[in-house]
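# fold the following, please.
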Amino acid sequence: MRRMRSLLSLSRRELRSDPWSMLGPGIVVATTAAFLHPCMTFLSMTIGSQGEAWRAAHPDYAVADDVALACMVMSFTVVPAIVVLGGLGAGTVGNMAGRIVQWRLAGASPRQSGGVVIGMLSASALAAGALGTAASIPLLPATVGMILEAAGLSGIDVPVDPAAMGATLGAVFLTGALGAVRPAVAASRVLPGPTLREAVPEPGGHRRTRAALALALAAGAVSTGSSAFAAKPGAAIDSAFNAILGSGVLAVGAVAAGAPWVFPRVNALLGRAVPATASPAWFAACRQSSAYPKRTTRAALPFFAGAGVAGLFTGMIGTWQRAIDASGQAERLNTVDTVICLTPPVAIGLVGTACQMLLSRRQRIADFASLRVAGASRRTVLGAAVGEAALTSATVFLLSTGFTLLVSTMTARALSATGLPAEGSLVWPPLAAVVAGGFAAAAAVNVSAALRANRGNPRGLLARE
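Okay, here's the model as predicted:
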């Protein structure tokens, strides 16, 4: 008990001394809380007195369906948040390696160092979750109204429920604790010697385990998706769509697991597609991306997760609506449930991309300052910053477009089995909007680093960085 208290006091002291170190994870957690609070409010209304009134007014009302809808939205919020927090937290631990060495030299064991990191991330998650919950209160009528519309209910006043706020904080705290597992492992592996020599090796990341996971997910995606292609006339559309969704999610997971191999190779292919002699800025951007593949992968991974989910949903719903239009029917699909499931992972992915790039902003400033020392003009440095963001966005766009086309083709095959005329085609606008948002976030961070490198003496800036 005494040891636990000392670890908690160390976590509090570290957070007070440098609260900005947890800024990136805090922003992601606040975004997560803003999406979880409406779901918790809807659940509270469903299982409370409001739900009893709905059941009395509508005898065929099914509580289980609405609970399942809220749980589905929460799962599409919590799972991406945990993944993004793991990557951000590991990057944060890398930036504070010197402080972790001080704990170790003061007598802390590797396990205790990991415990301090868990305490810091969990405490910051709770504080950021409270801010995100409070910020979402003015938007509750609109956000909960969308969930009510997806459930077939409307015209209902949305209260501010203290129980829902408490449940949101509990869910956010649990999300932060689960997202802190990977950073805690990274903290326990920080070695004093290499850190003091400023020669910390990049962790291998369990390459064999990651490769086995990627292959297993890919095999599952192929096995699940084959049932959609093998749909026979008269097949149930619900089971086919479940197979399509499952196959798409597994495929996105397979690429995410194999990101250290997939992203650098696609980046290299796109870099060679445009001649390096096209401009000095493009040449510098391609060299920067190839020189730091792990940094590029960490920034692109949450971006790809959001764009992949966007392609999954828009490919299926867009193809279905086009098939209905081609059949001459005037029916319009209710896409509200798609929007409320799609928005959280996309938003968390884009926010995670910006925060991940902010973690490496200091190194990016040094890289752009090195370009200036090598003789590049200020305009070339700015162009390289934008070009690197464009290269990452193009990689994500190419991969997510492939997912959109694959899901659209599977949906068309399933709809054809039910008698609807359908053809697989790309659904551009939503996916393009997600990629444009990711590019804007990446370019803003890169350009700010380039502007900093363009000010003053680059050699002096390199010495300070």
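# tell me the contacts of Gly308?
Going by CB atoms under 8 Å, 6 or more residues apart in numbering, Gly308 touches 248, 252, 255-256, 399-400, 403. (Each C-beta comes from the backbone N, C-alpha and C, glycine too.)
# mind listing which of the residues you listed are in helices?
For these, the ones inside helices are 248, 252, 255-256, 399-400, 403, with DSSP state H as the criterion.
# neighbours of Leu15, how many?
For Leu15, the count of nearby residues is 17 (other CB atoms under 10 Å).
# whoops, Val67 was the one
15.
# which residue sits closest to it, ignoring its sequence neighbours?
Computed as CB to CB, 6 or more residues apart in numbering, the closest residue to Val67 that is not its neighbour in sequence is Thr46, at 6.3 Å.
# the lowest-mean-pLDDT helix or strand in the chain: what's the following helix or strand?
Each helix and strand of the chain was given a mean pLDDT (mean pLDDT, DSSP states H and E); the minimum falls on helix 192-196 at a mean of 61. Downstream of helix 192-196, the next assigned helix or strand under DSSP states H and E is helix 207-229.
# tabulate the CA atom coordinates of that following helix in PDB.
Extracted in PDB, the C-alpha atoms of helix 207-229 (Å, rounded to 0.1, in the frame of the first residue of the first chain):
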ATOM      1  CA  ARG A 207       7.700  -8.100 -35.700                       C
ATOM      2  CA  ARG A 208       6.900 -11.900 -35.800                       C
ATOM      3  CA  THR A 209       3.800 -11.400 -33.700                       C
ATOM      4  CA  ARG A 210       2.700  -8.500 -35.800                       C
ATOM      5  CA  ALA A 211       3.300 -10.400 -39.000                       C
ATOM      6  CA  ALA A 212       1.400 -13.400 -37.700                       C
ATOM      7  CA  LEU A 213      -1.500 -11.200 -36.600                       C
ATOM      8  CA  ALA A 214      -1.600  -9.500 -40.000                       C
ATOM      9  CA  LEU A 215      -1.700 -12.800 -41.800                       C
ATOM     10  CA  ALA A 216      -4.400 -14.200 -39.500                       C
ATOM     11  CA  LEU A 217      -6.600 -11.100 -40.000                       C
ATOM     12  CA  ALA A 218      -6.100 -11.200 -43.800                       C
ATOM     13  CA  ALA A 219      -7.100 -14.800 -43.900                       C
ATOM     14  CA  GLY A 220     -10.200 -14.000 -41.800                       C
ATOM     15  CA  ALA A 221     -11.100 -11.200 -44.200                       C
ATOM     16  CA  VAL A 222     -10.800 -13.400 -47.200                       C
ATOM     17  CA  SER A 223     -12.800 -16.200 -45.600                       C
ATOM     18  CA  THR A 224     -15.600 -13.900 -44.400                       C
ATOM     19  CA  GLY A 225     -15.700 -11.900 -47.700                       C
ATOM     20  CA  SER A 226     -15.900 -15.100 -49.800                       C
ATOM     21  CA  SER A 227     -19.400 -15.700 -48.500                       C
ATOM     22  CA  ALA A 228     -20.600 -12.400 -49.900                       C
ATOM     23  CA  PHE A 229     -19.200 -13.200 -53.300                       C
END
